[in-house]
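Novice: next one to model:
(one chain, ligands or ions: 1)
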Amino acid sequence: MKDQFDRIEYSAFIGNDESRGAHYAAVIDALDLKNGNLVSILDIGCGSGDFEVLLANKFPHLNNILAYDPQSVQVSEAKKKSLENVEFVCCSTLHFDRDQKFDFAVSILVLPYAETQEDLNDVFAVASRHLKPCGKFISVTYNPDFDPDEEQILASRNFERLGLNGLGVKFVDPENGGVQFETKAVQHGANSYMAAAHLSGFSKISHDVLYLDKNGARMSSDNGLIARQPYMVLECIK
Ligand SMILES: C[S@@+](CC[C@H](N)C(=O)[O-])C[C@H]1O[C@@H](n2cnc3c(N)ncnc32)[C@H](O)[C@@H]1O
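Specialist: Below you'll find the model as predicted:
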(Lines give C-alpha, C1' and ligand atoms only; values in the text may rest on other atoms or scores of the structure.)
Protein backbone atom coordinates (compact mmCIF):
# COMPACT_ATOMS: atom_id res chain seq x y z
CA MET A 1 0.00 0.00 0.00
CA LYS A 2 2.90 2.32 0.78
CA ASP A 3 4.09 2.57 -2.81
CA GLN A 4 0.81 3.40 -4.47
CA PHE A 5 1.69 7.09 -4.68
CA ASP A 6 5.05 6.43 -6.29
CA ARG A 7 3.66 7.46 -9.66
CA ILE A 8 2.75 10.59 -11.50
CA GLU A 9 -0.93 9.79 -12.29
CA TYR A 10 -2.07 10.64 -8.79
CA SER A 11 -0.76 14.22 -8.85
CA ALA A 12 -2.14 14.70 -12.37
CA PHE A 13 -5.64 13.72 -11.22
CA ILE A 14 -5.63 15.48 -7.90
CA GLY A 15 -4.43 18.78 -9.36
CA ASN A 16 -7.91 19.27 -10.87
CA ASP A 17 -9.98 17.63 -8.20
CA GLU A 18 -13.02 19.41 -6.77
CA SER A 19 -13.25 17.65 -3.42
CA ARG A 20 -9.55 18.04 -2.70
CA GLY A 21 -10.40 21.74 -2.82
CA ALA A 22 -12.93 21.11 -0.06
CA HIS A 23 -10.34 19.22 1.99
CA TYR A 24 -7.90 22.09 1.67
CA ALA A 25 -10.56 24.68 2.51
CA ALA A 26 -11.46 22.77 5.68
CA VAL A 27 -7.81 22.71 6.78
CA ILE A 28 -7.39 26.41 6.03
CA ASP A 29 -10.45 27.16 8.18
CA ALA A 30 -8.88 25.21 11.05
CA LEU A 31 -5.54 27.02 10.57
CA ASP A 32 -7.34 30.33 11.01
CA LEU A 33 -5.02 32.24 8.65
CA LYS A 34 -7.46 34.83 7.42
CA ASN A 35 -6.37 37.68 9.67
CA GLY A 36 -2.78 37.54 8.50
CA ASN A 37 -1.48 35.32 11.32
CA LEU A 38 2.18 34.44 10.79
CA VAL A 39 2.29 30.77 11.67
CA SER A 40 4.65 27.89 10.98
CA ILE A 41 3.26 24.72 9.40
CA LEU A 42 4.53 21.16 9.03
CA ASP A 43 2.75 19.21 6.25
CA ILE A 44 3.06 15.45 6.79
CA GLY A 45 2.60 13.53 3.52
CA CYS A 46 2.50 16.59 1.26
CA GLY A 47 2.36 14.58 -2.00
CA SER A 48 3.08 16.81 -4.98
CA GLY A 49 2.66 20.03 -2.97
CA ASP A 50 -0.76 21.20 -4.15
CA PHE A 51 -1.73 22.37 -0.68
CA GLU A 52 1.48 24.43 -0.49
CA VAL A 53 0.69 26.06 -3.86
CA LEU A 54 -2.69 27.07 -2.48
CA LEU A 55 -1.15 28.41 0.74
CA ALA A 56 1.52 30.34 -1.18
CA ASN A 57 -1.07 31.92 -3.47
CA LYS A 58 -3.64 32.78 -0.83
CA PHE A 59 -1.33 33.63 2.07
CA PRO A 60 1.95 34.96 0.61
CA HIS A 61 3.03 36.29 4.03
CA LEU A 62 3.51 32.71 5.31
CA ASN A 63 7.22 31.97 5.23
CA ASN A 64 7.74 28.98 7.46
CA ILE A 65 6.34 25.85 5.83
CA LEU A 66 8.08 22.49 5.83
CA ALA A 67 6.46 19.70 3.85
CA TYR A 68 7.65 16.10 3.56
CA ASP A 69 6.57 12.94 1.81
CA PRO A 70 8.17 9.50 1.53
CA GLN A 71 7.60 9.23 -2.24
CA SER A 72 10.39 10.76 -4.30
CA VAL A 73 8.18 11.08 -7.41
CA GLN A 74 5.73 13.27 -5.48
CA VAL A 75 8.45 15.37 -3.86
CA SER A 76 10.17 15.97 -7.23
CA GLU A 77 6.83 17.24 -8.59
CA ALA A 78 6.45 19.47 -5.54
CA LYS A 79 9.95 20.92 -5.95
CA LYS A 80 9.22 21.80 -9.59
CA LYS A 81 6.60 24.23 -8.29
CA SER A 82 9.47 26.44 -7.06
CA LEU A 83 7.74 27.86 -4.01
CA GLU A 84 10.07 30.27 -2.23
CA ASN A 85 8.68 29.91 1.24
CA VAL A 86 8.32 26.15 1.39
CA GLU A 87 10.95 23.51 2.05
CA PHE A 88 10.04 20.16 0.49
CA VAL A 89 11.80 17.11 1.87
CA CYS A 90 11.68 13.47 0.78
CA CYS A 91 11.58 11.44 3.98
CA SER A 92 9.59 8.70 5.69
CA THR A 93 7.69 9.39 8.88
CA LEU A 94 9.88 6.89 10.68
CA HIS A 95 13.00 8.91 9.83
CA PHE A 96 11.65 12.46 9.92
CA ASP A 97 13.33 14.39 12.70
CA ARG A 98 13.98 18.11 12.78
CA ASP A 99 15.17 20.35 15.54
CA GLN A 100 12.21 22.62 14.83
CA LYS A 101 8.78 23.15 16.40
CA PHE A 102 5.73 24.34 14.48
CA ASP A 103 2.44 26.05 15.35
CA PHE A 104 0.52 23.55 13.23
CA ALA A 105 1.03 20.10 11.77
CA VAL A 106 -1.34 19.02 9.01
CA SER A 107 -1.89 15.79 7.12
CA ILE A 108 -4.38 15.60 4.28
CA LEU A 109 -5.54 12.10 3.36
CA VAL A 110 -2.39 10.53 4.77
CA LEU A 111 -3.65 8.70 7.88
CA PRO A 112 -5.70 6.24 5.74
CA TYR A 113 -2.40 4.97 4.30
CA ALA A 114 -1.08 4.04 7.74
CA GLU A 115 -1.67 0.32 7.50
CA THR A 116 -1.38 -0.60 11.17
CA GLN A 117 -2.04 1.02 14.54
CA GLU A 118 1.74 1.30 14.91
CA ASP A 119 2.01 3.25 11.61
CA LEU A 120 -0.80 5.52 12.77
CA ASN A 121 0.94 6.07 16.13
CA ASP A 122 4.13 7.02 14.27
CA VAL A 123 2.39 9.83 12.34
CA PHE A 124 0.81 11.25 15.50
CA ALA A 125 4.16 10.98 17.30
CA VAL A 126 5.95 13.00 14.57
CA ALA A 127 3.22 15.63 14.68
CA SER A 128 3.35 15.90 18.46
CA ARG A 129 7.16 15.94 18.64
CA HIS A 130 7.33 18.83 16.15
CA LEU A 131 4.57 20.99 17.65
CA LYS A 132 5.02 23.88 20.06
CA PRO A 133 3.09 23.66 23.34
CA CYS A 134 -0.63 24.13 22.52
CA GLY A 135 0.16 23.52 18.83
CA LYS A 136 -2.52 21.86 16.74
CA PHE A 137 -2.50 18.78 14.50
CA ILE A 138 -5.18 18.97 11.80
CA SER A 139 -5.89 15.98 9.64
CA VAL A 140 -8.37 15.15 6.90
CA THR A 141 -9.08 11.44 6.91
CA TYR A 142 -11.86 8.93 6.25
CA ASN A 143 -14.93 9.20 8.42
CA PRO A 144 -15.03 6.05 10.63
CA ASP A 145 -18.84 5.97 10.19
CA PHE A 146 -18.73 6.11 6.38
CA ASP A 147 -20.61 3.20 4.82
CA PRO A 148 -19.87 3.17 1.09
CA ASP A 149 -22.64 2.68 -1.41
CA GLU A 150 -20.73 0.87 -4.13
CA GLU A 151 -23.25 1.85 -6.79
CA GLN A 152 -22.74 5.54 -6.25
CA ILE A 153 -20.13 8.01 -7.49
CA LEU A 154 -19.50 10.57 -4.81
CA ALA A 155 -17.16 13.52 -5.21
CA SER A 156 -15.63 11.95 -8.36
CA ARG A 157 -14.92 8.74 -6.48
CA ASN A 158 -16.39 5.29 -6.28
CA PHE A 159 -15.77 3.68 -2.89
CA GLU A 160 -15.95 -0.02 -2.13
CA ARG A 161 -15.61 -1.95 1.09
CA LEU A 162 -12.53 -4.20 1.15
CA GLY A 163 -12.54 -6.68 4.04
CA LEU A 164 -13.13 -5.44 7.56
CA ASN A 165 -11.70 -1.92 7.43
CA GLY A 166 -10.33 -1.50 3.91
CA LEU A 167 -11.62 1.01 1.37
CA GLY A 168 -11.03 0.70 -2.35
CA VAL A 169 -11.19 4.12 -3.97
CA LYS A 170 -11.59 4.58 -7.72
CA PHE A 171 -10.97 8.15 -8.89
CA VAL A 172 -13.39 8.82 -11.72
CA ASP A 173 -13.19 11.46 -14.43
CA PRO A 174 -16.44 13.46 -14.00
CA GLU A 175 -16.51 14.20 -17.76
CA ASN A 176 -16.54 10.65 -19.09
CA GLY A 177 -16.84 8.35 -16.03
CA GLY A 178 -13.49 6.68 -16.79
CA VAL A 179 -11.41 5.41 -13.85
CA GLN A 180 -8.22 7.50 -13.67
CA PHE A 181 -6.52 6.09 -10.63
CA GLU A 182 -7.20 3.59 -7.83
CA THR A 183 -6.05 3.45 -4.24
CA LYS A 184 -6.50 1.12 -1.31
CA ALA A 185 -6.89 2.77 2.05
CA VAL A 186 -7.68 1.90 5.65
CA GLN A 187 -10.81 3.24 7.29
CA HIS A 188 -9.48 3.45 10.83
CA GLY A 189 -11.97 3.45 13.69
CA ALA A 190 -12.47 6.45 15.98
CA ASN A 191 -10.84 4.45 18.81
CA SER A 192 -7.66 3.99 16.76
CA TYR A 193 -7.33 7.76 16.26
CA MET A 194 -8.05 8.42 19.95
CA ALA A 195 -5.48 5.85 21.04
CA ALA A 196 -2.79 7.26 18.71
CA ALA A 197 -3.50 10.84 19.80
CA HIS A 198 -3.45 10.05 23.53
CA LEU A 199 -0.28 7.99 23.21
CA SER A 200 1.47 10.95 21.56
CA GLY A 201 0.45 13.32 24.33
CA PHE A 202 -2.38 15.23 22.65
CA SER A 203 -4.90 16.48 25.18
CA LYS A 204 -7.92 17.85 23.34
CA ILE A 205 -9.14 15.71 20.44
CA SER A 206 -12.17 16.48 18.32
CA HIS A 207 -13.52 15.49 14.93
CA ASP A 208 -16.14 16.80 12.56
CA VAL A 209 -17.60 15.13 9.50
CA LEU A 210 -16.80 17.08 6.33
CA TYR A 211 -20.12 17.33 4.52
CA LEU A 212 -19.76 17.27 0.73
CA ASP A 213 -22.41 17.16 -1.97
CA LYS A 214 -22.21 14.51 -4.67
CA ASN A 215 -19.91 16.75 -6.73
CA GLY A 216 -17.46 17.16 -3.86
CA ALA A 217 -18.35 20.74 -2.87
CA ARG A 218 -18.85 21.57 0.81
CA MET A 219 -22.42 21.70 2.05
CA SER A 220 -24.31 22.25 5.28
CA SER A 221 -24.52 19.29 7.67
CA ASP A 222 -28.35 19.44 7.60
CA ASN A 223 -28.36 17.92 4.11
CA GLY A 224 -26.15 14.90 4.68
CA LEU A 225 -26.35 11.44 6.20
CA ILE A 226 -23.18 10.77 8.24
CA ALA A 227 -22.93 7.25 6.78
CA ARG A 228 -22.80 8.69 3.25
CA GLN A 229 -19.97 11.14 4.02
CA PRO A 230 -16.47 9.78 3.32
CA TYR A 231 -14.36 12.39 5.10
CA MET A 232 -13.81 13.97 8.48
CA VAL A 233 -11.49 16.60 9.93
CA LEU A 234 -9.62 15.60 13.06
CA GLU A 235 -8.12 18.25 15.35
CA CYS A 236 -5.75 17.45 18.21
CA ILE A 237 -4.23 20.02 20.53
CA LYS A 238 -0.97 19.36 22.32
C1 LIG B 1 -3.65 10.79 -0.87
S2 LIG B 1 -2.01 11.39 -0.96
C3 LIG B 1 -2.24 13.03 -0.30
C4 LIG B 1 -1.14 13.96 -0.64
C5 LIG B 1 -1.32 15.39 -0.16
N6 LIG B 1 -1.47 15.48 1.27
C7 LIG B 1 -2.50 16.05 -0.86
O8 LIG B 1 -3.38 16.53 -0.19
O9 LIG B 1 -2.52 16.06 -2.10
C10 LIG B 1 -1.23 10.55 0.36
C11 LIG B 1 0.23 10.87 0.53
O12 LIG B 1 0.63 10.39 1.81
C13 LIG B 1 1.93 9.86 1.70
N14 LIG B 1 2.09 8.92 2.84
C15 LIG B 1 1.59 7.67 2.96
N16 LIG B 1 1.91 7.18 4.16
C17 LIG B 1 2.60 8.13 4.82
C18 LIG B 1 3.21 8.21 6.11
N19 LIG B 1 3.15 7.20 6.98
N20 LIG B 1 3.84 9.36 6.45
C21 LIG B 1 3.89 10.42 5.59
N22 LIG B 1 3.34 10.39 4.35
C23 LIG B 1 2.72 9.26 3.98
C24 LIG B 1 1.98 9.22 0.32
O25 LIG B 1 3.30 9.08 -0.16
C26 LIG B 1 1.14 10.20 -0.49
O27 LIG B 1 1.92 11.17 -1.13
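Novice: sec struct for E87, please.
Specialist: strand (DSSP: H, G, I helix; E, B strand; the rest coil).
Novice: what about the nearest residue to it once chain neighbours are set aside, distance to E115?
Specialist: In this structure, E87 finds its nearest non-sequential neighbour in L66, 5.0 Å apart by CB to CB, 6 or more residues apart in numbering. C-betas here are computed from N, CA, C, even on glycine. As judged by CB to CB, to the nearest Å, L66 and E115 stand 25 Å apart.
Novice: the two: which is more packed in?
Specialist: Ranked by neighbour count (other CB atoms under 10 Å), L66 and E115 place L66 first, with 21 against 14.
Novice: partners of the strand or helix carrying the more buried one in the sheet?
Specialist: Secondary-structure element containing L66, defined by DSSP states H and E: strand 65-69. Using DSSP bridges, strand 65-69 pairs in its sheet with strand 41-44 (parallel), strand 86-90 (parallel).
Novice: whether the last one contacts the ligand - can you check?
Specialist: No - for strand 86-90, no contact with the ligand is found by CB under 6 Å from any ligand atom; the gap never falls below 9.8 Å.
Novice: and that strand, what's its mean pLDDT?
Specialist: When pLDDT is averaged over strand 86-90, the result is 97.
Novice: helix or strand right after it?
Specialist: strand 102-108.
Novice: now the angle between strand 65-69 and that next one, please.
Specialist: 40 degrees (axes from the mean of the first three to the mean of the last three CA atoms, to 10 degrees).
Novice: from the contact counts, what lies against strand 102-108?
Specialist: Using 3 or more CB pairs under 8 Å, 6 or more residues apart in numbering; DSSP states H and E as the contact test, the elements touching strand 102-108 are helix 18-31, strand 41-44, helix 117-129, strand 131-142.
Novice: distance check, the closest residue in space to K101 that isn't next to it in sequence against G49.
Specialist: Counting by CB to CB, 6+ apart, K132 is the residue found nearest to K101 once chain neighbours are left out, at 4.6 Å. Relative to G49, K132 is positioned 24 Å away (CB to CB).
Novice: those two: who's more crowded?
Specialist: Taking other CB under 10 Å, K132 and G49 do not tie; G49 has more neighbours (25 against 13).
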